[in-house]
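In: Output the structure for:
(one chain, ligands or ions: 2)
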Amino acid sequence: MSKLFRAVILGPPGSGKGTISERVANSFGLKHLSSGDFLRENIAAKTEAGVLAKTYIEKGALVPDHVMTRLMLSRLEEMTRHSWLLDGFPRTLAQAKVLNSAFELDVVISLNIPLETLKERLRHRWIHPASGRVYNMCFNPPRVQGVDDISGEPLIQHEDDRPEALVARLRHYKDVAKPVIDLYRAKGILHMFSDTETDRIWPYISSLLSTKIPTDLGDAQRVRTH
Ligand SMILES: Nc1ncnc2c1ncn2[C@@H]1O[C@H](COP(=O)(O)OP(=O)(O)OP(=O)(O)O)[C@@H](O)[C@H]1O
Ligand SMILES: Nc1nc2c(ncn2[C@@H]2O[C@H](COP(=O)(O)OP(=O)(O)O)[C@@H](O)[C@H]2O)c(=O)[nH]1
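Out: Ligands and ions are numbered 1, 2, ... in the order given. Have a look, this model is predicted:
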């Protein structure tokens, strides 16, 4: 069977993980698994993990590591025949250690975006909860304000995307993410990207992945759209 490709994208809230993950999925045919979207699916489906996770998310807390790792690894076990990009997981060192014991990662992308840029982006972020599709009134606005382009359903804003909520989230993110970033740097698979614009970062990520993703990924998986 052709070699599969496993990657993770790390970054603080608003750094562009979802935006870049969608471009990676479209350009390279990797499956994009977002922990936030997967949690929302489980919450909507009222699964046991979803019901439990909801109680933490509503308090603005992280979902406990053992719940998160069990949920994500069982989903990854269903994807063993696919190359994938994880977004939002692992978020803690404990999660990273469990993931590393189950899968060998090829690339970890870490986005390093200035605080003021994050604040500005999140102020204008609108989301279609059911699909996780992300919009921005300045960067990629929906065709009709407040309405998802595909479903026509209403868009929402995350309560904790407000600037005053963001500083605390960012401080917590930095504390929790640092050991994860250090771990993957020590493994020699970390690639850091810093800029204020996704469109300036994207060419570098795209060329990095072009060199790393096996050419025999298989036509079905490797759909080059540009
Ligand atoms: N890997 C994880 N470990 C623990 N909790 C998680 C994890 N991923 C998501 N969550 C929980 O789900 C919530 C929603 O996740 P999601 O990724 O959509 O948004 P976020 O992390 O708050 O911000 P952003 O998407 O802007 O980075 C998080 O705030 C957190 O409570
Ligand atoms: N102005 C601007 N907004 C961006 C850029 N990249 C992403 N965004 C928007 O910023 C917000 C955060 O991006 P998102 O991909 O959700 O980041 P995540 O929280 O790391 O997943 C969303 O509204 C995006 O549409 C950019 O380069 N410039």
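In: average model confidence for the lengthiest helix in the chain?
Out: Ordering each helix of the chain by length in residues (DSSP state H) puts helix 163-186 first. For helix 163-186, the mean pLDDT works out to 91.
In: which other helices and strands contact that helix?
Out: Secondary structure elements in contact with helix 163-186, counted by 3 or more CB pairs under 8 Å, 6 or more residues apart in numbering; DSSP states H and E, are strand 6-10, helix 93-102, strand 107-112, helix 115-123. Just so you know, the C-beta spots here come from the backbone N, C-alpha and C atoms, and that holds for glycine as well.
In: Could you dump those into JSON lines with mean neighbour count, mean pLDDT and distance to residue 181 added?
Out: Putting these into JSON lines (neighbours: other CB atoms under 10 Å; pLDDT from 0 to 100; distance: least, CB to CB, whole Å) gives the following:
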{"stretch": "strand 6-10", "mean neighbour count": "24", "mean pLDDT": "98", "distance to residue 181": "7"}
{"stretch": "helix 93-102", "mean neighbour count": "17", "mean pLDDT": "97", "distance to residue 181": "10"}
{"stretch": "strand 107-112", "mean neighbour count": "21", "mean pLDDT": "98", "distance to residue 181": "6"}
{"stretch": "helix 115-123", "mean neighbour count": "17", "mean pLDDT": "93", "distance to residue 181": "17"}
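In: Nearest to residue 178, out of those?
Out: Nearest to residue 178 among these is helix 93-102; the distance by CB to CB comes to 9.0 Å.
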